[in-house]
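Turn this into a model:
(one chain, ligands or ions: 1)
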Amino acid sequence: MIESLYSPDIRRYENGMRYRRCGKSGVMLPEISLGLWHNFGGVDSLSNSFAMAHCAFDHGITHFDLANNYGPPYGSAEETFGCIMQKSFKPYRDELFISTKAGHDMWPGPYGNWGSRKSLMASLNQSLKRMNLDYVDVFYSHRYDPETPLEETMQALVDIVRQGKALYVGLSKYPMEVAEQAYRYLAEHDVPCLVYQARYNLFERQPEKTTVTQAKQHGVGFVAFSPLAQGLLTNRYLNGIPNGSRMAQGRFLKQEVLTDVVLNKIKHLNDLANQRGQTLADMALAWLLKDEAVTSVIIGASSVNQLKTNLKALRQPCFADEELLRIDEICK
Ligand code: NDP
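Numbering: from 1, shown residues only. Reported below is the predicted structural model:
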């Protein structure tokens with residue numbers, strides 16, 4: 001049992017965090033947000049989860065990103081966050097912007113997955129209980145469900161907002177042509193999509209000229225998940241695969257990914273980052289944030305140290321043209 005006597009840093013909004021408007025909405029999000037996909041589950045150290053959440057808020061990270069099935073086990077990251085809410089963050093609820101999602105495998109049977117009204121509504125009710133919240137700030141459809149009529153999924157999102165269980169809605173990983181229809185449906189029903197979430201980093205460039213531009217055109221914010229390619233774009237794997245790392249665990253980041261070619265790219269990127277006086281992680285985040293259409297990058301971390309390192313990305317945001325060309329050359 002954690003006894004938290006947390007009192008946030010009174011200078012938390014003067015520690016260098018900047019905030020960007022999310023699309024054409026009234027909401028500002030921190031340039032760096034914290035995701036709870038890994039390292040906040042029931043199998044992880046609760047005291048480390050508390051320490052990372054405290055460190056984040058102390059540095060102006062107001063946005064925490066969750067999903068129903070983050071853990072393991074499923075639901076446990078929301079339970080951990082619920083515990084943090086109760087013991088530390090409760091007085092600061094109005095300073096926090098909390099998201100959750102439904103759409104991936106969550107509970108057995110035909111209603112614990114995908115995008116039906118039944119599934120989304122039930123899942124959000126569960127999430128609110130686990131997180132000790134009356135409402136979330138954003139509720140996402142976690143992925144497009146090709147078997148459910150898009151109108152059903154979108155209307156469920158609209159109704160969730162009408163019920164007061166979410167203030168805004170978002171889409172994650174929707175194919176571009178479906179996102180187009182979804183943005184239109186939501187706008188026509190007076191619940192404009194707040195934010196689109198996709199994997200975007202130096203190694204995953206697809207969104208660059210597709211979904212980022214599309215979101216901007218629709219006045220929708222864009223947040224990049226796995227901005228460090230799950231740790232590849234850091235110094236984590238420069239000298240082998242450390243025990244306890246995500247790749248050593250091998251569930252979501254497989255060792256096969258770390259080919260000689262990839263390792264070579266990481267080394268060159270690392271050299272360039274060092275020449276800029278940065279860590280590779282900081283350069284990778286700054287590279288994403290150079291585009292004003294990217295509202296926020298949602299990082300993961302397994303320690304307070306990693307989190308603190310990554311926050312330094314905010315100190316050196318600009319790139320010379322030659323540096324950008326060199327990055328493209330290395331990554332291609
Ligand atoms: P990142 O790409 O930021 O990877 C985080 C991992 O990188 C950490 O757990 C750590 O790995 C390593 N790392 C981070 N900083 C450092 C550092 N300074 N030095 C060395 N290693 C470092 O993000 P995630 O893949 O964790 O995703 C972030 C969030 O995005 C998720 O928590 C979730 O909220 C969201 N997301 C959304 C998805 C969606 O479908 N919508 C899908 C995936 C993520 P290690 O554990 O080895 O220390």
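
how about the strands in this structure?
Across the chain, reading from the start of the chain, the strands by DSSP state E fall at 19-21, 28-30, 32-35, 63-65, 97-102, 136-141, 166-172, 193-199, 221-225, 296-299.

In a markdown table, list those along with mean neighbour count.
For the C-beta atoms, the positions are set from N, CA and C on the backbone; glycine is no exception. As requested, the strands of the chain are exported to a markdown table (neighbours: other Cβ atoms under 10 Å):
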| stretch | mean neighbour count |
| --- | --- |
| strand 19-21 | 15 |
| strand 28-30 | 21 |
| strand 32-35 | 24 |
| strand 63-65 | 26 |
| strand 97-102 | 26 |
| strand 136-141 | 25 |
| strand 166-172 | 24 |
| strand 193-199 | 25 |
| strand 221-225 | 25 |
| strand 296-299 | 25 |
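
Nearest to the ligand, out of those strands?
Proximity of the strands of the chain to the ligand was assessed by Cβ to the nearest ligand atom; the nearest stretch is strand 32-35, lying at 2.2 Å.

starting at the chain centroid, how far to that closest one?
Averaged C-alpha coordinates place strand 32-35 at 6 Å from its chain's average position (Cα atoms, centre = their mean, to the nearest Å).

Would you tell me whether stretch 227-239 gets close to the ligand?
Yes. Stretch 227-239 comes into contact with the ligand (Cβ under 6 Å from any ligand atom), by way of Pro227, Leu228, Ala229, Gln230, Gly231, Thr234, Asn235, Arg236.

Tell me which two of these sit farthest apart.
Set against one another by Cβ to Cβ, those have their most distant pair in Pro227 and Asn235, with a gap of 15.4 Å.

So for those two, which residue has more residues nearby?
The neighbour comparison of Pro227 against Asn235 (other Cβ atoms under 10 Å) goes to Pro227, with 30 against 15.

So, low pLDDT: which residues of the stretch 51-200 of the chain?
For the stretch 51-200 of the chain, no stretch has pLDDT under 70.

all helices of it, in order?
Taking DSSP state H, counting those that start in this stretch to define them, one finds helices in the stretch 51-200 of the chain at 76-84, 117-131, 150-162, 176-188.

can you list contacts of the first one?
So that's helix 76-84. Contacts with helix 76-84, where a contact means Cβ atoms under 8 Å, 6 or more residues apart in numbering, come from 2, 4, 36-37, 40-44, 46, 49-50, 53, 64, 66-68, 70-71, 98, 100, 127, 130-133.

And for the third one?
When contacts are defined by Cβ under 8 Å, 6+ apart, helix 150-162 is touched by residues 115-117, 120-121, 124, 139, 141, 144-145, 166-169, 178, 181-182, 185-186, 189-191.

So which bits of this protein are right by the ligand?
Proximity of the chain to the ligand is assessed by Cβ under 6 Å from any ligand atom, with 35-39, 65, 142, 172-173, 197, 225-231, 234-236, 245-246, 281, 298-302, 306, 309-310 identified as the residues in range.
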